[in-house]
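1. curious how this folds, go ahead:
(2 chains)
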Amino acid sequence: MSEQRGHPGTGGTPAEGCDGNAAPYVLGALSESEHDAFVRHMADCAVCREEVASLQSVVSALPGAAPQLKAPPELKRRLMADVRADARRRAAQAASAARADAPRRRWTTWRPMIAAPVAAGFAAIVVLAIVLSGGGGGAPRLIRAEVTAPGASAYLTVSDEHASLTVSKFPPTRLGEVYEVWVKRSGNPEPTDALFNVTSRGDATVAVPGGVRGVRAVLVTAEPDGGTSVPTTTPTIVARLD
Amino acid sequence: MAGMFRALRSEAGTESTAALRDLADEELMQMVRRGHAAAFEVVYDRHADAAFSLAYRMCGQRALAEDVVQEGFLSLWRSGGRYDRNRGSVRTWILGIVHNRAIDALRRRTVRDRGRISDDGLAERLPAPQRTELEFARREESREVRDALQALPQEQSRVIELAYFGGLTHVEIASILEVPIGTIKGRMRLGLAKMRMTLGDPSEVVQ
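-> You can find the predicted model right below:
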């Protein structure tokens, strides 16, 4: 039997454009660019999708082939300490949010997909409010952020100690990545649980969790899906508050 | 579902821990999404050994494997809402996260370093005890998967192990083995197809 065969039922040769990448794909053995290209290819290739589904079931069982070990107890202690601290922080944030006025809460909890179409209008209203009020008093403060994406823009809207970030014309993250919001006080950037992606038009609006009291800058980086605890890429957005 | 609400009502007490342990992973993930640390702990307890075993097999170093597992579970804690039951079990999802994190860690090293690591790993095994019926079933399942992998022709099992556990790309494997890329892809595909025939439907594994 030949070692290189194609899709089931395709006569033993890979279909045109498929390149036999289903197996390396499910094993995680494609380079990043090959992976992205194959994902795009699968969108139009039912044969590859079927083969991936078939092989994926085997790969899901492969972890069982590793010698089965006991996770070290100290690993759980460290992990749960981080998780409980984060849970307390979230609870404090929720309590803080509950004290905020209801209309703003409703705005900041809208999903980006819903909020995006009105985001530009919202920003315009905020600008108008600042112009009319002279930028002082209790009016929202609008901070233009530095961005790395050509043609894109981002604004941080700060009202009291709360803030939301509005981005437009931003590129989508790569497959398996998400935009993560960070706050920087005096030390290293601190992660938040604000993870987002942009609409097909590149828009999104996301609340900065926990407010911005003592925060010197709000940052956004592209990170692996699920976010990380320390930034792994250069910030694509930097909004300085001081 | 009723169990989940009981657990939610009494999340601070030991009773809640017992109630949580009766819940399915999918129900626990709904609670994790809402920031329920005790529910997360139960999910961790259920899958940490498998996650660490996979990470250790891939990284070959205990400290690096611990970092990978910790980062993977923290990611799960922070993205619990992203779990989609239509795309597989919680266990498969978790192990997928850990696998991707381990690949990231491995690919920050040189190919030569990665070749050495797997040998170190074999010298530092930490055997886990078999205590419960579920653990026994999982041990059996592991044995079947290992047997199926070892039953493959050596050139097929080798490329699958280098790719899945070694984090190598098909191009790197072709370079190491000095074999055409197309041959490597064919060996991967044939090996996985044979394992699928041997194991039946491995998606029905013990969760």
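2. and the spatially most central residue of chain A, which of the three is it?
-> Central residue of chain A (CA atoms, centre = their mean): residue A:178, 2.4 Å from the mean position. Following DSSP: H, G, I helix; E, B strand; the rest coil, the label given to residue A:178 is strand.
3. residues contacting it?
-> Residues near residue A:178 by CB atoms under 8 Å, 6 or more residues apart in numbering or on different chains: A:195, A:196, A:197, A:222, A:223, A:224, A:225, A:226, A:227. Heads up, the C-betas are built off the backbone N, CA and C, glycines and all.
4. what stretches of the chain score poorly on pLDDT?
-> As the question left the chain open, I've gone with chain A. Across chain A, the ranges flagged by pLDDT under 70 are A:1-17, A:98-139, A:175-176, A:200.
5. switch to chain B, please.
-> B:1-16, B:80-81, B:110-132, B:134-135, B:201-207.
6. so which helix or strand takes in the spatially most central residue of it?
-> For chain B, the residue sitting closest to the mean C-alpha position, by CA atoms, centre = their mean, is residue B:95 at 3.0 Å. Per DSSP states H and E: residue B:95 is located in helix B:90-107.
7. hang on, the earlier thing: now, the most widely separated pair of the contacts of residue A:178?
-> Based on CB to CB, the longest span within these runs between A:196 and A:224 and measures 14.4 Å.
8. more neighbours: which of those two?
-> When neighbours are counted by other CB atoms under 10 Å in any protein chain shown, residue A:224 comes out ahead of the other of residue A:196 and residue A:224, with 22 against 19.
9. which phi and psi values does the more buried one adopt?
-> Residue A:224 adopts backbone torsions of phi -60, psi 150, taken as degrees, to the nearest 10.
10. dump the residue contacts of it.
-> Counted by CB under 8 Å, 6+ apart, residue A:224 has contacts A:176, A:177, A:178, A:232, B:75, B:100, B:101, B:104.
11. just to check, the fifth one is in contact with residue B:98?
-> If I follow you right, that is residue B:75. No. Assessed by CB atoms under 8 Å, residue B:75 is found out of contact with residue B:98, at 9.3 Å.
12. looking at the two, which is more packed in?
-> Neighbour count, other CB under 10 Å: between residue B:75 and residue B:98, residue B:98 has more, with 28 against 23.
13. who does the closest residue to residue A:208 other than its chain neighbours form a beta bridge with?
-> Closest residue in space to residue A:208, ignoring its immediate chain neighbours: residue A:163 at 4.3 Å, by CB to CB, 6 or more residues apart in numbering or on different chains. As for beta bridges, residue A:163 partners with residue A:158 under DSSP bridges.
14. find the residue closest to residue B:185 in space, skipping its chain neighbours.
-> residue A:20 (4.2 Å).
15. ok, and for the strand or helix carrying residue A:87, which residues are buried?
-> Per DSSP H and E, residue A:87 falls inside helix A:73-99. Judged by neighbour count (16 or more other CB atoms under 10 Å in any protein chain shown), helix A:73-99 contains these buried residues: A:75, A:76, A:79, A:80, A:83, A:86, A:87, A:89, A:90, A:93, A:97.
16. what of stretch B:76-92?
-> B:76, B:77, B:78, B:79, B:80, B:82, B:83, B:88, B:89, B:90, B:91, B:92.
17. swap in stretch B:64-75?
-> So stretch B:64-75, judged by 16+ other CB under 10 Å, has buried residues B:64, B:65, B:66, B:67, B:68, B:69, B:70, B:71, B:72, B:73, B:74, B:75.
18. part of a helix, is the first one?
-> Same thing as residue B:64. Yes. With three-state DSSP as the criterion, residue B:64 is part of a helix.
19. now do the contacts for the closest residue to it other than its chain neighbours.
-> Among residues not flanking residue B:64 along the chain, residue B:105 sits closest, at 6.1 Å (CB to CB, 6+ apart). Contacts for residue B:105 (CB under 8 Å, 6+ apart) come out as B:59, B:64, B:67, B:68.
20. how much space between residue B:105 and residue A:96?
-> 36 Å (CB to CB, to the nearest Å).
21. where along chain A do the strands fall?
-> A:141-144, A:146-147, A:153-159, A:162-168, A:177-184, A:190-196, A:204-207, A:217-224, A:237-240 (DSSP state E).
22. could you name the helices and strands sitting against the second one?
-> For strand A:146-147, the contact count by 3 or more CB pairs under 8 Å, 6 or more residues apart in numbering or on different chains; DSSP states H and E identifies strand A:237-240 as packing neighbours.
23. helices and strands around the strand it packs on, which ones?
-> Using 3+ CB pairs under 8 Å, 6+ apart: strand A:237-240 touches strand A:141-144, strand A:146-147, strand A:153-159, strand A:162-168, strand A:217-224.
24. that strand pairs with which strands, and in what direction?
-> strand A:146-147 (antiparallel), strand A:217-224 (antiparallel).
25. residues near residue 19, how many?
-> The chain I'm using is chain A. Residue A:19, neighbours per other CB under 10 Å, totals 17.
26. my question was about chain B
-> 22.
27. and the gap between it and residue B:27?
-> Relative to residue B:27, and taking CB to CB, residue B:19 is found at 11 Å.
28. next: residue A:64.
-> With CB to CB as the criterion, residue A:64 and residue B:27 are 24 Å apart.
29. between those two, who's got more neighbours?
-> More crowded of residue A:64 and residue B:27, by other CB under 10 Å: residue A:64, with 26 against 17.
30. what's the nearest residue to residue B:44 if we skip its chain neighbours?
-> Here the residue nearest residue B:44, using CB to CB, 6+ apart, is residue B:73, at 5.9 Å.
31. OK, contacts around the one you found?
-> Residue B:73 is in contact with A:79, B:40, B:44, B:48, B:51, B:94, counting by CB under 8 Å, 6+ apart.
32. just these now: which is nearest residue A:141?
-> For these, the closest approach to residue A:141 (CB to CB) belongs to residue B:40, at 36.7 Å.
33. burial count for the closest residue to the closest one other than its chain neighbours?
-> Nearest-residue entry for residue B:40: residue B:32, 4.9 Å, with adjacent residues in sequence omitted and distances by CB to CB, 6+ apart. Per other CB under 10 Å, the neighbour tally for residue B:32 reads 27.
34. over to residue B:46?
-> For residue B:46, the neighbour count with other CB under 10 Å is 18.
35. over to residue B:37?
-> 19.
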